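Engineer: let me see the structure of the following:
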Amino acid sequence: MSAYESPEATVGLDELRPGLWRWTARHPDADLDPKPGSPADWPPDVGCVACAASGALLVVDPLVPAGREPSFWAAMDGLVGRHGPRVAVVTTIQWHRRSRDAFVARYDATTSRAKDALPDGVHAVAVRRAGEVMVWLEEHGALVPGDRLIGDGAGGVRLCPPSWLDYLRTKITVADLRDALAPVRALPVEMVLVSHGDPVLSDGAKAIDRALAAAAAA
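Structural biologist: Here you go, the predicted structure:
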């Protein structure tokens, strides 16, 4: 490790802004050759977020990178030491529980998305009928979605494929999903830190608007 390289950087925790990190890890259940548009159609490396919030380290949809566990935990211990001692783990959607239990066991982390359980400046944004609660990091203008907004492979975001909604009892359609994302459009989003695909690091609100317009035209 060079004199200029932090322990977090050596294990892939990229500091996007002071107090905000994102990393990726290979998902053990990923399909390396998925059928386009299928429920398995997502990149094998998934995104996770950590944020130094008021009085706590917030972690969203964490997955511990396989093969790098000791160095990853050492780096995370450092973040907790500087920004804890409280650790709050938030899951956006049921499929993203990932390493949540490992964080709970290591840090006695909380897991509630209730308003009174979240650190100041962290807000849960429910996507009605879509089985998802996005996370809004007010200080950073960062939106952390689960499955309903994903990277489009061209520097922006798109709505998830229709097949990703089929398991929901609500029978929500992509058109319904566009309407359900209205609360997100009201936020001054600068960054969209997606789980699937590349994050949007600037002009996030415009990227979301383009995604909704593309879905309407499809």
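Engineer: my guess is residue 129 meets residue 173, correct?
Structural biologist: No - under the criterion of Cβ atoms under 8 Å, residue 129 makes no contact with residue 173, lying 9.8 Å away. Placement of C-beta: from N, CA and C, glycine included.
Engineer: compare these two (neighbour count), which wins?
Structural biologist: Neighbour comparison, residue 129 and residue 173: the larger count goes to residue 129, with 17 against 12 (by other Cβ atoms under 10 Å).
Engineer: leaving out chain neighbours, which residue sits closest to that one?
Structural biologist: Of all residues not flanking residue 129 in the chain, residue 170 sits nearest, at 4.0 Å (Cβ to Cβ, 6 or more residues apart in numbering).
Engineer: confirm for me that that neighbour is in contact with residue 132.
Structural biologist: No - Residue 170 is beyond contact range of residue 132, at 11.5 Å (criterion: Cβ under 8 Å).
Engineer: so for the two, which residue has more residues nearby?
Structural biologist: Using other Cβ under 10 Å, the more surrounded residue of residue 170 and residue 132 is residue 132, with 24 against 12.
Engineer: which positions in the least confident helix or strand in the chain by mean pLDDT come out as buried?
Structural biologist: When the helices and strands of the chain are scored by mean pLDDT, DSSP states H and E, helix 7-10 comes last with a mean of 74. For helix 7-10, the neighbour count (16 or more other Cβ atoms under 10 Å) marks 7-8 as buried.
Engineer: repeat that for stretch 129-149.
Structural biologist: Within stretch 129-149, the residues that qualify as buried by neighbour count (16+ other Cβ under 10 Å) are 129-137, 139-149.
Engineer: all strands for this structure, in order.
Structural biologist: Using DSSP state E, the strands of the chain run over 14-17, 20-26, 45-53, 56-60, 86-90, 122-127, 132-137, 142-144, 149-151, 157-159, 191-192.
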